[in-house]
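Trainee: Here is a sequence together with a model predicted from it:
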Number of protein chains: 2
Amino acid sequence: MANVDVIVVGAGVSGLVTADRVRAAGRSVVVLEARDRVGGRTVTEAVPARGDGTEAPGTLDGLLVDSGAAWVAPDQTLLLAELARFGLKTTPQEGPGDALVSLRGRSRRYTGEARALDPVTTADVGQAMLRFSAAAEKVDVAAPWRGEAADRYDAQTFESWIRRTCLTSKGRDYFRLACEAVLATEPQNVSLLHVLFYARSGGGLLHLLTTGGGAQDARVVGGMQQVAERLAEGLGPWVRLQEPVTTILHDEDGVSVHSESGATTAQHVVVTVPPALASSIEYLPALPQDRTLLSQRMPHGSVVKCHAVYRRPFWHDEALSGEIASDQGPAKVVFDTSPPEGGYGVLTVLVEGEDAVRLGAMDPDKARTAVLRGLAAHLGPKAMDPVGYLAKDWTAEEWTRGCYGAHLPPGAWTQVGRALRTPVGRVHWAGTETAERWCGYVDGAIASGERAAAEVLAALG
Amino acid sequence: MANVDVIVVGAGVSGLVTADRVRAAGRSVVVLEARDRVGGRTVTEAVPARGDGTEAPGTLDGLLVDSGAAWVAPDQTLLLAELARFGLKTTPQEGPGDALVSLRGRSRRYTGEARALDPVTTADVGQAMLRFSAAAEKVDVAAPWRGEAADRYDAQTFESWIRRTCLTSKGRDYFRLACEAVLATEPQNVSLLHVLFYARSGGGLLHLLTTGGGAQDARVVGGMQQVAERLAEGLGPWVRLQEPVTTILHDEDGVSVHSESGATTAQHVVVTVPPALASSIEYLPALPQDRTLLSQRMPHGSVVKCHAVYRRPFWHDEALSGEIASDQGPAKVVFDTSPPEGGYGVLTVLVEGEDAVRLGAMDPDKARTAVLRGLAAHLGPKAMDPVGYLAKDWTAEEWTRGCYGAHLPPGAWTQVGRALRTPVGRVHWAGTETAERWCGYVDGAIASGERAAAEVLAALG
């Protein structure tokens, strides 16, 4: 089989960027991907017409939606550079009309800067956000386990912090919803240190929650998966699909990576799948104990990303933007992702955390009805009757097992966080989970690929 | 390949008990074990002479030590019944002499009932233990996610509870050491609900920490692994070693379990390895999402179990029992496990949690010196010169990846705990982690095997 300088495991954005940079430096590379497609957690898909099965199957003409990562922030410079390189355009997420926020059964409309929270809740969220930001300032994103406060932050859940810091029930609800929206898991599941790190890594918690100007500023016209597809086109036959890696042998002289079609040998291997999946690969010799422990302590969030497509964006008639934040699942986080050229009205529903686990256990028809009912509660009965529907449960994806990314429960960062990026001999690690900036986002995936490429290129000399 | 009624994955105590009970009911069974031995987390070994490499290799005549589970409690009725069935004897753990407790650099001796803590610390530990026990009373060991307080207990780390409840620094140290001794992980890594469950499952936190009359009451003469060996002898050729399972196909009609030598078919399969390892097996169709999440949220503790063997138990000269509890690693938890018939003096050092991770990263000679220095700090310089030494790092064991067992971080019990024992079609689950009583102990492993056997026998009709 092939003998190359570098083998990359995984053809998501981080793996393809690694390979792209290694090749640009004149080194040979092979990417081994388990799936029959590239893109990892980015995937752009057509929407089946009439998801209820009452009509013949088919897809809605020309309509593509992002069932995976979708948004671009103005300060995601690495992603913006990649989009520019491939001539990909973006379209702003924010459209006309009012957003809705619904807490404890009470729904309010708001526009732009105005917050829809009542004055008391606003004051409570404000004082808690100040404390959160002050604590986040102390976290070193390059080494969250460092610093005098790290142990204290890592000894508690984010939920413990919320209960101690917020003075009102709606204030607590706000931070719980924020945690679900950003990490796709509930605040009791995650270390306070991790939430502080994650927020700081992406420019602050408010920045992550913001649409215009923030992490949900714009979408890629034609879909985010194009980034991976263009990178893969450049790599040509060096990207090999449907090749799940089973074993990695590594010693002082090189590596041998085994997949169904045989062994590929190289000087270095870069594993770009998240730690929980990377541990399913057999390593000979075995990985050090701190790495084994880390892989047991980076569970994934849970997301079902749903798209409901309507003949037209009927919510515009009520001067609603289609953006919804609610404390009532399953439709807690909703965006209007209608195509910029007009036509269909598209609502993206991000079902997260426990809601996603519950939805994933349902019969697909019942799950669809539950999501549409959630939309109808805010937008009226027309929401019950889409012309197309698509749901992607990322936990059910064998080669991902949960989105948006992995999070660390209490104790893990300070005890075994050092193992996250530390190479084990000739085995290197990439993936958005290993990024210092925009950890968990496509931008972080690119950063991690560039860092891993630099690492192996330096080692190759 | 073979077609049987039941396939059992894993020849630890839980798997062998499952197979034993299934066969006793007249059904056919095959056990597939990855290792070249039976016993799982029980293993009885000879000790190499002069572990420092200065003499020719060899083992100390007739001396066997338990590098895995070792102790029996008087109320572990299932384990005691199994010992009686096989004619295995026990020997009391407690011997003559004083135990040592060392907190914050201050060492004290104590005997029997007397506590070695100063009056203020005793009062603090006492009031906190009362609160702990009252909370544990509310936990339903059959369903820890139930009950009004479950969500609250599961939203915080045990460390958060310690900081809130204990009034003195030594009181906090006591509970931290207790957590490490019982779960082999630090209190920030684990849900308060899990610690409450675990303590109640084994008859209370004090019971788990107690030697005479408690969880460390007695050892098995000749070693704990004999239980598995005798069970395996009864099963004969139906236990197949060195057969790691890679894939489990399952549908309404049956299961097909693939290992290197091919496929074995059956009506049911019982997977007895802990969830973090069970997720390395490929399931077709894939497991439900809650099970996937659970397997990402049950990390293992970290233990290096060390044995230092001396010509004679020299600490008896000072009227010391050899039992040590200290807040200074790596030798925080020490027991005298000298053979009851006399001769060699044997000290068992349980290096746990972060200390174990640190020890596992060291060169073996340096690790040995660090452990012996820890012993010498309490027992004098003679401890530096053993005639034999053996260390077992359970995190480095490919087919275990950490001991004593798995623990649940905050949020996991209440969100996905239901998936722990729930069969997925014809795929059933056993292992000490699934036990209601004595979860994490050999007794719990037996209980889980009996429960799983009853489950498949009922399904077989």
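Mentor: Right, received. Where do you want to start?

Trainee: What helices and strands are in contact with the helix or strand encompassing residue A:458?
Mentor: Using DSSP states H and E, residue A:458 maps to helix A:442-460. Under the contact definition 3 or more C-beta pairs under 8 Å, 6 or more residues apart in numbering or on different chains; DSSP states H and E, helix A:442-460 sits against strand A:3-9, helix A:13-24, helix A:77-85, strand A:262-271, strand A:427-429. For the C-beta atoms, the positions are set from N, CA and C on the backbone; glycine is no exception.

Trainee: So for the shortest one, mean pLDDT?
Mentor: Just to be clear, that refers to strand A:427-429. Taken as a whole, strand A:427-429 has an average pLDDT of 98.

Trainee: again with the fourth one
Mentor: Taken as a whole, strand A:262-271 has a mean pLDDT of 97.

Trainee: just the longest one next, same as before
Mentor: For helix A:13-24, mean pLDDT rounds to 98.

Trainee: Quick check: buried residues in it?
Mentor: By neighbour count on 16 or more other C-beta atoms under 10 Å in any protein chain shown, the buried set for helix A:13-24 is A:13, A:14, A:15, A:16, A:17, A:18, A:19, A:20, A:21, A:22, A:23.

Trainee: for the shortest one, same thing?
Mentor: Across strand A:427-429, burial judged by 16+ other C-beta under 10 Å covers A:427, A:428, A:429.

Trainee: out of the buried residues of helix A:13-24, which one sits closest to residue B:304?
Mentor: residue A:14 (34.3 Å; C-beta to C-beta).

Trainee: can you redo the buried residues of helix A:13-24 as a markdown table with distance to chain B?
Mentor: Formatted as a markdown table, the buried residues of helix A:13-24 follow (distance: C-beta to the nearest C-beta, whole Å):
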| residue | distance to chain B |
| --- | --- |
| A:13 | 22 |
| A:14 | 20 |
| A:15 | 21 |
| A:16 | 25 |
| A:17 | 26 |
| A:18 | 25 |
| A:19 | 26 |
| A:20 | 30 |
| A:21 | 30 |
| A:22 | 29 |
| A:23 | 32 |
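
Trainee: May I see the residues you listed organised as TSV, with distance to residue A:82 added?
Mentor: TSV is the format used below for the buried residues of helix A:13-24 (distance: C-beta to C-beta, whole Å):
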residue	distance to residue A:82
A:13	8
A:14	12
A:15	14
A:16	10
A:17	8
A:18	13
A:19	14
A:20	9
A:21	11
A:22	16
A:23	15
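
Trainee: could I get the helices and strands packed on helix A:442-460 as a markdown table with distance to residue B:303?
Mentor: Below are those laid out as a markdown table (distance: least, C-beta to C-beta, whole Å):
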| stretch | distance to residue B:303 |
| --- | --- |
| strand A:3-9 | 31 |
| helix A:13-24 | 34 |
| helix A:77-85 | 42 |
| strand A:262-271 | 27 |
| strand A:427-429 | 25 |
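
Trainee: what's the closest of these to residue A:317?
Mentor: helix A:77-85 (33.2 Å).

Trainee: next one: the helix or strand following the closest one to chain centre, how far?
Mentor: The element immediately downstream of helix A:77-85 (helix or strand, assigned by DSSP H and E) is strand A:90-92. Taking C-alpha atoms, centre = their mean, to the nearest Å, one finds the center of strand A:90-92 at 19 Å from the center of the full chain.

Trainee: Paired strands for strand A:90-92, with orientation please.
Mentor: strand A:218-220 (antiparallel) (DSSP bridges).

Trainee: List the buried residues in stretch A:154-171.
Mentor: Applying 16+ other C-beta under 10 Å to stretch A:154-171 flags A:154-163, A:165-166, A:168, A:170-171 as buried.

Trainee: Sounds good, over and out.
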